[in-house]
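Novice: Pasted the sequence and its predicted model underneath.
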Amino acid sequence: MKKIIVITGILLLAFSGVKAQQLINGEKAPELKLSEWISKNQLQSGKPTLIEFFFSRSDLSMKRLPTVDDFARNYGKKLNVVVIGCETKDKIQSVMDGKGYAFAVAVDNEHKTFTAYGAQFVPYGVLLDARGKVLWFGNSSKFGAEELKKTLEWE
């Protein structure tokens, strides 16, 4: 019994620093506080925005890039699409160079945006409406074209 109490106490201490999800559907999303843009900042006001949080050493994150690119190519006229990485500019750029991706790419070296959006795992995505309110967030590997169109009420 004493072991269970000690283990429970250790687990509570270990997880007490874990932040709860900070986004709420329908609420205004935090400002994007990015270190710099690798690609030209293509975000246009008045359009919904899909944010994909990225880490190059994550196989799932790497596998997600073609889908994100499809979103940018197929819906780019009415949707902003941005990939944000928390690694160095050189590391992110080396992964993106030569691929011809259509989405915007930015660096969050100080983890300000990752933290503000509660991005604790990748792939992780957030969909904002044209006014910057959260429409959807979560494991983006489960978010495809049908979910995008349904969430944005596009036909």
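Specialist: Arrived safely, thanks for sending. Owing to the predicted nature of the structure, the values given are computational and were not obtained by experimental measurement.

Novice: My read is that residue 64 contacts residue 140, right?
Specialist: Yes. Taking contacts as C-beta atoms under 8 Å, residue 64 lies within contact range of residue 140: 6.2 Å. (C-beta placed from N, C-alpha, C; glycine too.)

Novice: out of these two, which sits in the busier spot?
Specialist: Neighbours were tallied for residue 64 and for residue 140 using other C-beta atoms under 10 Å; the higher tally belongs to residue 140 (25 against 22).

Novice: Spatially nearest residue to the more buried one (excluding sequence neighbours)?
Specialist: If the residues on either side of it in the chain are set aside, residue 140 comes closest to residue 125, at 3.1 Å by C-beta to C-beta, 6 or more residues apart in numbering.

Novice: Contacts for the helix or strand that neighbour falls within, please.
Specialist: Mapping residue 125 onto the secondary structure by DSSP states H and E places it in strand 124-128. Judged by C-beta atoms under 8 Å, 6 or more residues apart in numbering, the contacts made with strand 124-128 from elsewhere in the structure are 23, 29, 48-53, 117, 134-140, 143, 148, 151-152.

Novice: Relative to it, what are the paired strands and their orientations?
Specialist: For strand 124-128, the pairing partners within the sheet under DSSP bridges are strand 49-54 (antiparallel), strand 134-139 (antiparallel).

Novice: how far out from the middle of the chain is stretch 48-57?
Specialist: Chain-centre distance of stretch 48-57: 4 Å, with C-alpha atoms, centre = their mean, to the nearest Å.

Novice: whoops, stretch 132-140 was the one
Specialist: 9 Å.
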